[in-house]
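Q: after the sequence you'll find the predicted model.
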Amino acid sequence: MDIIAQLFAGLSLGSVLLLAALGLSLTFGQMGVINMAHGEFMMAGAYTAFVVQGVVGDAGVSLLLALPLGFVVGGLLGLLLEATLIHRMYRRPLDTLLVTWGVALVLQQVARDVFGAPNVDVRAPAWLSGAVEIGGLALPRTRLFILALAAVCVVALALALRATPLGRRIRAVVQNRDLAEASGISSRATDRVTFFIGSGLAGIAGVALTLLGSIGPTLGTNYIVDAFLVVVAGGIGQIKGTVIAATALGLMQAFLEYSTTASVAKVLVFVAIVAFLQLRPQGLVSVRTRSLA
Amino acid sequence: MSETTTTAAAGTASGLPADKELLLKADNLEAGYVPGVNILDGCSIEVGKGELVGIIGPNGAGKSTLLKALFGLVNITSGTVTLDGQDITGMKANSLVARGVGFVPQTNNVFPSLTVEENMRMGVYLRPRTFDQRFEFIVDLFPTLGERRSQRAGAMSGGERQMVAMARALMMNPSVLLLDEPSAGLSPVRQDEAFLRTRMINKAGVSVIMVEQNARRCLQICDRGYVLDQGKDAYTGTGQELQSDPKVISLYLGTLAEDVEKEN
């Protein structure tokens, strides 16, 4: 019974990590942009849910409205950041890191000025309160909802990349910018769309986080490092890898936490990732070709 | 080739045989990767319709940069490029593709995770409806690609990948094809195949501008050649003329024999 409970806790944690990391797997994994403000886009998504609830009132309706709106808010912030700053430094990852970190601090302060420093609460809808009982095990409905949401986001993103013309464009530019241009694809326009989607996914993750607790201006900082770790461990630019890594890290954290404490578990997870990347620097999943380059 | 061609005239912008109609012209191009450092420093070339033009020169002469500048992948700081009389200076690569310029990069010139057929579909990304008709043309030219249409390009050998890369660029039915060192990284036998393939493409009616390290081989198949030196067009002439021009030989084609003689 305990094992199943931990299993669920791990999967649930994994799904939160996955939501946080999925957008990064596009912007960082595929485009190679280190966007430290990704967490703040999550925060913006969370506050979007807060504002929507203030306007709409009904918790159920506001949640369903907040998900697409959070996507748009996160996406627009990302688009703005890409168009003003990031596109000037595509080949300078360290500069991007510093600049986006600065942007993250600015966004946190903006949130503090607008919404106040104390955390705020977003009410979960009635149909997500309580838990589902399975074999004497209580599974909180909010956690189940986030699991389902993560699954939907992954499937939607994978389908969009695999089966749509836009997805083909994104994959082409990611794999080989010059060759994509040589095929008539505008890499500039594709970069913008990719960044919009990646940042939008952060917004959705933020909305989901409002179901797990109160939210504050520093919400994003709690997730950004873990999200980067998931993408790196999963293998750069591989959604499959991101999914596996998020699940594995969630499970590892949950089981280690159960037998030790939360901080020790975190340390052990970090150590495991470092060791893993020593053995497999390219991450879990990578593309192989016959060419040397 | 045409008798009207003048031999090796340093710094001249022209060189186009009188019986050829001008297709692409680069006039006094200056371009580079870093502001203030020009790799191309007043380079001019002309390419006629149906011509196969080779561009050779020592390492660092600006051969690849010239090709990339023509294709809008490197910023042009001064000078003009015209295609069929229209100014295309500074146009982005993706819009040049629509105007009939094809480009094959030197390395990483296929999408490795895609099959041969999918690579060809990327080639007609802007005109997907023409796929069937163009693919037929490609298979006529390179029957191998028809047989291997569902093989992943990343799993193919270097020579085969080069063929896929050329075919992809031909899918848009370009009026001029820019080839960046088609023989790079291939064994001598495969190099010859790549050169013969280039000639075949040219015979099928596509003008070709080819940058090459392998100068002798390149001049053997070209209608005309340009020798670049330090970012400028130093000499032009027919392939045969350049091969036997003493100035070209001393500049580039090989002083190794003389050096060895001196040593002895």
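A: That came through, no problem.
Q: isn't residue A:17 right next to residue A:228, touching?
A: No - when contacts are counted by C-beta atoms under 8 Å, residue A:17 is not listed as touching residue A:228 (10.8 Å). No exception for glycine: its C-beta is placed from N, CA and C like everyone else's.
Q: in stretch B:71-78, what's buried?
A: Of all the residues in stretch B:71-78, those buried under the rule 16 or more other C-beta atoms under 10 Å in any protein chain shown are B:71, B:72, B:73, B:74, B:76.
Q: got those residues as TSV, with pLDDT, secondary structure and distance to residue A:285 columns?
A: Formatted as TSV, the buried residues of stretch B:71-78 follow (pLDDT from 0 to 100; DSSP: H, G, I helix; E, B strand; the rest coil; distance: C-beta to C-beta, whole Å):
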residue	pLDDT	secondary structure	distance to residue A:285
B:71	92	coil	33
B:72	90	coil	34
B:73	88	coil	30
B:74	89	coil	34
B:76	91	strand	41
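Q: centre of the chain to the helix or strand encompassing residue B:23, how far?
A: Remark: residue B:23 resides in strand B:22-31, with elements defined by DSSP states H and E. Distance of strand B:22-31 from the chain centroid (C-alpha atoms, centre = their mean, to the nearest Å) equals 14 Å.
Q: again, but for stretch A:250-266
A: 21 Å.
Q: what about it, start to end distance?
A: The first and last residues of stretch A:250-266 sit 11 Å apart, counting by C-alpha to C-alpha, to the nearest Å.
Q: give me the buried positions along it.
A: For stretch A:250-266, the neighbour count (16+ other C-beta under 10 Å) marks A:250, A:251, A:252, A:253, A:254, A:255, A:256, A:257, A:265 as buried.
Q: which of these sits closest to chain B?
A: Compare each of the buried residues of stretch A:250-266 with chain B using C-beta to the nearest C-beta and the shortest gap goes to residue A:250, at 28.4 Å.
Q: the residue nearest to the closest one when sequence neighbours are not counted: how many residues sit nearby?
A: Here the nearest residue to residue A:250 in space, its sequence neighbours aside, is residue A:14; by C-beta to C-beta, 6 or more residues apart in numbering or on different chains that works out to 2.5 Å. The burial count assigned to residue A:14 is 26, neighbours taken as other C-beta atoms under 10 Å in any protein chain shown.
Q: which strand or helix spans residue A:14?
A: Residue A:14 is part of helix A:2-24 when elements are defined by DSSP H and E.
Q: what packs against that helix?
A: helix A:38-56, strand A:137-140, helix A:141-163, helix A:187-209, helix A:221-234, helix A:239-259 (3 or more C-beta pairs under 8 Å, 6 or more residues apart in numbering or on different chains; DSSP states H and E).
Q: now the end-to-end length of stretch B:56-73.
A: The straight-line separation of the ends of stretch B:56-73 (C-alpha to C-alpha) is 20 Å.
Q: now do it: distance to the chain's middle.
A: The answer for stretch B:56-73 is 10 Å, by C-alpha atoms, centre = their mean.
Q: got the buried residues for it?
A: Within stretch B:56-73, the residues that qualify as buried by neighbour count (16+ other C-beta under 10 Å) are B:56-57, B:61-73.
Q: show me what secondary structure element comes after the helix or strand that residue B:140 is a member of.
A: Taking DSSP H and E as the definition, one finds residue B:140 inside helix B:131-141. Per DSSP H and E, the first helix or strand lying C-terminal to helix B:131-141 is helix B:143-147.
Q: other residues contacting the helix or strand just after that next one?
A: For helix B:143-147, the succeeding helix or strand toward the C-terminus, using DSSP H and E, is helix B:158-170. Residues from elsewhere that reach helix B:158-170, judged by C-beta atoms under 8 Å, 6 or more residues apart in numbering or on different chains: A:182-183, A:291, B:102-105, B:109-110, B:116, B:119-120, B:122-123, B:134, B:137-138, B:141-142, B:144-145, B:148, B:153, B:156, B:177, B:179, B:182, B:185-187, B:190, B:193-194, B:197-198, B:201, B:206.
Q: and residue B:103, what element?
A: Counting by DSSP H and E, the element that carries residue B:103 is strand B:101-104.
Q: for the record, mean pLDDT for that strand?
A: Taken as a whole, strand B:101-104 carries a mean pLDDT of 94.
Q: how distant is it from the center of its chain?
A: 8 Å.
Q: got the contact list for it?
A: When contacts are defined by C-beta under 8 Å, 6+ apart, strand B:101-104 is touched by residues A:182, B:67, B:70-71, B:73, B:83, B:88, B:93, B:96-97, B:165-166, B:168-170, B:172, B:174-180, B:182, B:206.
Q: around chain A, pick out the residues from chain B.
A: Within reach of chain A by C-beta under 8 Å from any C-beta of the partner chain, chain B has these residues: B:71-73, B:92-94, B:97-98, B:102-105, B:107-113, B:122-123, B:125-126, B:154-158, B:161, B:168-169, B:172.
Q: on that earlier part again, can you select the buried ones from the contacts of helix B:158-170 in PyMOL?
A: To isolate the buried subset of the contacts of helix B:158-170 in PyMOL, counting by 16+ other C-beta under 10 Å, use the following:
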select buried, (chain A and resi 182+183+291) or (chain B and resi 102+103+104+105+109+110+116+119+120+122+123+134+138+141+142+145+148+153+156+177+179+182+185+186+190+193+194+197+198+201+206)
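Q: is residue A:35 located within a strand, as I assumed?
A: No - secondary structure assignment places residue A:35 outside any strand; it is coil (DSSP: H, G, I helix; E, B strand; the rest coil).
Q: so where's the longest helix in chain B?
A: Counting residues, the longest helix found in chain B (DSSP state H) is helix B:188-203.
Q: what is the mean pLDDT for it?
A: Here helix B:188-203 scores 92 as its mean pLDDT.
Q: rewinding a little: quick one: which of the buried residues of stretch B:71-78 is nearest chain A?
A: The closest of the buried residues of stretch B:71-78, once distances to chain A are taken by C-beta to the nearest C-beta, is residue B:73, at 6.2 Å.
Q: quick one, phi/psi of the closest one?
A: With angles defined as degrees, to the nearest 10, residue B:73 shows backbone torsions of phi -90, psi -10.
Q: and for residue A:33?
A: The main-chain torsion angles of residue A:33 are listed as degrees, to the nearest 10 and equal phi -90, psi 120.
Q: residue A:136: neighbouring residues, count only.
A: Using other C-beta under 10 Å, residue A:136 has 8 neighbouring residues.
Q: how near is it to residue A:239?
A: Remark: distance between residue A:136 and residue A:239 (C-beta to C-beta, to the nearest Å) = 36 Å.
Q: shaky segments in chain B?
A: Counting by pLDDT under 70, chain B contains low-confidence residues at B:1-14, B:251-262, B:264.
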